[in-house]
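Student: structure of the sequence below:
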Amino acid sequence: MCCMRLFGAITLLFCINAVLSAQQVQLPAPEITFTVSMPQPHTHLFSVMVRVQRPTGPTPTAETLVMPVWTPGSYLIREFQRHVQDFAATGAGGNPLPWTKKDKNSWVVATSGARDWQATYRVYANELSVRTSELNSDHAFWNNANLLMYVGGAVAAPATLRIVPRPGWQIATGLPAVAGEANSFHADNFDILYDSPVEVSNFKVISFTVRNVPHRIVIDGEGNYDPERVRNDVQKIVETEVAIMGGEIPYHDYTFILHLRSNGDGGLEHANSVALGYPSFGFQSPNAQSGSTYKDFHSLVAHEFFHLWNVKRIRPDALGPFDYSKENYTKLLWVAEGFTEYYAGIALRRAGLVSSREFLENQAKAFQDLQETPGRLVQSVDESSFDAWIKFYRQDENSINSQVSYYDKGAILGLLLDLEIRKRSHGTKSLDDLMRYLFNEFYKKNRNYSPEDFQKASELMAGSSLEPFFAGYVRGRTELDYDGALSVAGLKLETVGRANPPDEVLPEPFIGAALEQRGERLMVSAVISGSPAYEQGLNTGDQIVAWDGNRATKAFVFARLAEKKPGDVVHLTIFRFDTLRPIDIKLGSRIAASYRIDPVAQPTDEQKKIYEAWLGEPMQPK
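Tutor: Predicted coordinates for the structure are as follows:
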């Protein structure tokens with residue numbers, strides 16, 4: 001018996017080596033067909049069958065099936081293979097084929113050169129987010145990267161997806177249907193297959209067309225939305241963003257998959273579809289549970305829809321074709337995500353869904369949030385992009401001190417670069433021209449762009465070197481010149497502190513710790529670097545029991561802090577690691593400023609012209 005096991009292991013090892021040798025020889029693309037069924041939705045288990053056929057050419061003696069470890073658009077290794085169970089493989093006649101795990105996400109099947117074989121497995125799916133999968137008695141939603149394995153070395157091969165829905169359930173996906181075959185869809189390659197999420201349920205559909213191209217909003221779940229209002233507003237966003245990008249629609253149809261849940265949140269972009277999560281009752285102002293307002297829904301749609309150009313077609317260096325087995329590093333997420341966020345705001349302004357004042361208020365808040373993030377002086381935005389895989393999705397209490405968001409700072413850099421291009425070109429060029437240039441010169445020529453390409457394209461629009469901008473703001477940590485940028489459009493940044501009439505601004509006492517009330521406990525959730533709390537020993541995770549001898553709650557602390565002066569000492573009693581101890585903090589001072597963007601007193605004609613071209617309406621006097 002031991003000898004038989006040893007012989008089997010040697011044989012399988014030979015097969016694995018044969019797989020590696022076969023991958024060095026170019027094999028004809030196999031015909032790959034997936035069948036996804038859901039016989040018992042309440043178990044949260046999808047049943048998957050993959051059939052691999054090689055009608056012509058040489059055949060390997062063993063083949064590898066690989067489960068992706070991440071899904072594009074969400075830059076974190078998520079180890080989808082951990083949900084796979086009950087793997088088995090059989091030949092064309094149903095005879096079992098031996099197999100083994102080569103590594104964490106690869107299954108090697110000893111096919112002995114079979115031209116037609118199949119594997120079956122089940123995937124546990126009980127997490128609804130835009131990047132994961134869920135199956136239950138109400139619906140099925142999945143990202144194909146969570147569910148479908150690819151044949152090693154054959155990511156470029158076409159694939160057919162057949163779905164066996166529960167009785168009465170409909171299917172929505174961006175994949176084109178296979179003519180004459182019910183519930184069957186085709187993908188030219190696995191990049192397209194993995195870029196096409198699937199919703200199967202009794203969903204509702206809202207339809208509209210833009211430039212004769214059909215669009216549909218597939219809604220799973222109940223909420224307080226008005227279907228006609230949603231249709232009209234989403235159509236406005238689509239029309240506006242299509243116009244920004246030159247009027248060309250680069251898809252045959254588009255599907256919005258919208259999940260309405262009490263905890264719905266987020267979006268994930270795809271080439272001709274998008275998955276969105278939004279609070280069920282977040283379509284009024286505001287939702288008491290989530291705090292969401294209908295304008296948050298507008299922003300979500302505008303951001304994710306603009307990705308169909310920026311990221312899905314205008315591709316940074318490493319973002320497509322993809323390696324699904326490991327991280328795909330790029331320093332350009334500040335453009336890919338940040339500029340998309342900037343354009344979400346621009347599109348809502350130009351679509352008339354927010355006023356110029358609201359747009360500028362949002363920009364002022366973004367400036368203030370960035371300036372209150374110490375990490376902006378520690379990490380550059382291209383470093384933030386590169387380290388997204390290990391940092392952005394793994395925030396901790398020190399992240400505010402050590403990191404900057406490529407979303408947040410990237411959006412601000414979009415605004416600054418837009419106004420810089422308008423300034424240098426005297427209003428003849430803008431960021432819109434840059435995005436259209438990238439679309440035409442890179443996407444249409446099937447090229448990805450590098451950081452160097454992006455800087456050169458920006459300089460082409462500006463008509464001169466932008467090296468100080470990129471060296472200081474992108475690769476460096478130079479503080480941003482908000483006023484210098486805003487002045488191009490006849491605007492200025494105001495910071496307004498707590499005033500002592502008539503015009504003196506008073507400093508406020510400052511401790512520098514973020515506090516969170518957790519039931520009866522007042523916890524320190526973050527400590528700002530350089531603050532009194534940071535320098536004098538208060539730690540994240542401390543429980544503040546008493547403040548100057550009185551029981552501490554969040555409301556009490558803020559009330560008493562307002563009564564103090566900079567330089568006062570407060571006596572705290574804290575629990576740290578279950579040990580009660582005293583700690584004294586000498587309060588610092590700061591000017592608590594509220595940022596605001598206002599018109600300059602006497603804007604020039606060129607400033608007015610740039611303002612109007614930028615925000616789509618004439619400048620209003622202050």
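
Student: outline the domain layout of the protein.
Tutor: By the assignment in automatic domain parsing, the chain contains the domains 2-202, 504-590.

Student: roughly how far is the first one from the heart of the chain?
Tutor: Taking C-alpha atoms, centre = their mean, to the nearest Å, one finds domain 2-202 lying 25 Å from the centre of the chain it belongs to.

Student: state the distance from residue 590 to residue 371.
Tutor: Distance, residue 590 to residue 371, by C-beta to C-beta, to the nearest Å: 11 Å. From N, CA and C alone the C-beta is placed, and that goes for glycine too.

Student: what does residue 416 give?
Tutor: Counting by C-beta to C-beta, the gap from residue 416 to residue 371 is 14 Å.

Student: and the nearest residue to residue 338 once chain neighbours are set aside, what is it in contact with?
Tutor: In this structure, residue 338 finds its nearest non-sequential neighbour in residue 410, 1.5 Å apart by C-beta to C-beta, 6 or more residues apart in numbering. For residue 410, the contact set (C-beta atoms under 8 Å, 6 or more residues apart in numbering) comprises 333, 334, 335, 337, 338, 339, 341, 342, 381.

Student: look up how far residue 59 lies from the second one.
Tutor: This means residue 334. Distance of residue 334 to residue 59, computed by C-beta to C-beta: 46 Å.

Student: please apply the same query to the fifth one.
Tutor: Separation of residue 338 from residue 59 (C-beta to C-beta): 47 Å.

Student: so which of those two has more stuff around it?
Tutor: A direct count of neighbours by other C-beta atoms under 10 Å for residue 338 and residue 59 places residue 338 higher, at 26 against 18.

Student: so where's the stretch 1-150 of the chain uncertain?
Tutor: Along the stretch 1-150 of the chain, the parts satisfying pLDDT under 70 run over 1-25.

Student: quick one: contacts for the closest residue to residue 548 other than its chain neighbours?
Tutor: Spatial nearest neighbour of residue 548, excluding adjacent residues (C-beta to C-beta, 6+ apart): residue 571 at 5.3 Å. By C-beta under 8 Å, 6+ apart, the residues touching residue 571 are 547, 548, 549, 582, 584.

Student: could you identify which of those has the most neighbours?
Tutor: residue 547 (20 neighbours).

Student: which stretches of the stretch 101-250 of the chain form helices?
Tutor: 144-147, 190-193, 227-244 (DSSP state H, counting those that start in this stretch).

Student: and among those helices, the most buried is which?
Tutor: Highest mean neighbour count among the helices of the stretch 101-250 of the chain (mean count of other C-beta atoms under 10 Å): helix 144-147, with a mean of 25.

Student: what packs against it?
Tutor: Helices and strands touching helix 144-147, as assessed by 3 or more C-beta pairs under 8 Å, 6 or more residues apart in numbering; DSSP states H and E, are absent.

Student: mind exporting the C-alpha coordinates of it to CSV?
Tutor: C-alpha atoms of helix 144-147 as CSV (Å, rounded to 0.1, in the frame of the first residue of the first chain):
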residue,chain,number,x,y,z
ASN,A,144,-16.8,35.6,-11.6
ALA,A,145,-13.3,36.0,-10.1
ASN,A,146,-14.7,34.7,-6.8
LEU,A,147,-16.3,31.6,-8.5
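
Student: so what touches it?
Tutor: 36, 46, 48, 68, 70-72, 80, 83, 123, 125, 132-133, 161, 193-194, 196-198, 324.

Student: ok, stretch 511-527 next?
Tutor: Residues from elsewhere that reach stretch 511-527 (C-beta under 8 Å, 6+ apart): 397-398, 400, 528, 530-534, 538-545, 552-554, 557, 561, 570, 585, 587-588.

Student: can I have the buried ones of the residues you listed as a ChimeraX selection?
Tutor: Entered in ChimeraX, the line below selects the buried ones among the contacts of stretch 511-527, by 16 or more other C-beta atoms under 10 Å:
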select :400,528,531,532,533,534,538,540,542,543,544,552,553,557,561,570,585,587,588
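
Student: mind putting the helices of the stretch 101-250 of the chain into JSON lines with distance to residue 467?
Tutor: As requested, the helices of the stretch 101-250 of the chain are exported to JSON lines (distance: least, C-beta to C-beta, whole Å):
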{"stretch": "helix 144-147", "distance to residue 467": "39"}
{"stretch": "helix 190-193", "distance to residue 467": "35"}
{"stretch": "helix 227-244", "distance to residue 467": "27"}
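
Student: how about these, which one is nearest residue 377?
Tutor: helix 227-244 (33.3 Å; C-beta to C-beta).

Student: now do the closest one: which elements does it pack against?
Tutor: Helices and strands touching helix 227-244, by 3+ C-beta pairs under 8 Å, 6+ apart, are strand 204-210, strand 213-220, helix 294-306, helix 340-350.

Student: ranking the ones you listed by burial, who's on top?
Tutor: Among these, helix 340-350 has the highest mean neighbour count (mean count of other C-beta under 10 Å), at a mean of 24.

Student: other residues contacting that helix?
Tutor: Under the contact criterion C-beta under 8 Å, 6+ apart, helix 340-350 has outside partners 237, 240-241, 243-244, 295, 298-299, 302-303, 306-307, 310-311, 354-356, 359, 362-363, 407-408, 410-412, 414-415, 418, 431, 435, 615-616.

Student: helix or strand next in line after that helix, which one?
Tutor: Moving toward the C-terminus from helix 340-350, the next helix or strand (DSSP states H and E) is helix 356-371.

Student: can you give me the angle that next one makes with helix 340-350?
Tutor: Here helix 356-371 points in a direction 160 degrees away from that of helix 340-350 (axes from the mean of the first three to the mean of the last three C-alpha atoms, to 10 degrees).

Student: which parts of helix 356-371 are buried?
Tutor: Result for helix 356-371 [16+ other C-beta under 10 Å]: buried residues 356, 359, 360, 362, 363, 364, 366, 367, 368, 370.

Student: hmm, the fifth one is touching residue 614, no?
Tutor: What it means is residue 363. No - look at residue 363 against residue 614 with C-beta atoms under 8 Å: they stay out of range, at 11.5 Å.

Student: quick one: contacts for residue 401?
Tutor: Residues counted as contacts of residue 401 (C-beta under 8 Å, 6+ apart) are 374, 375, 378, 528, 529.
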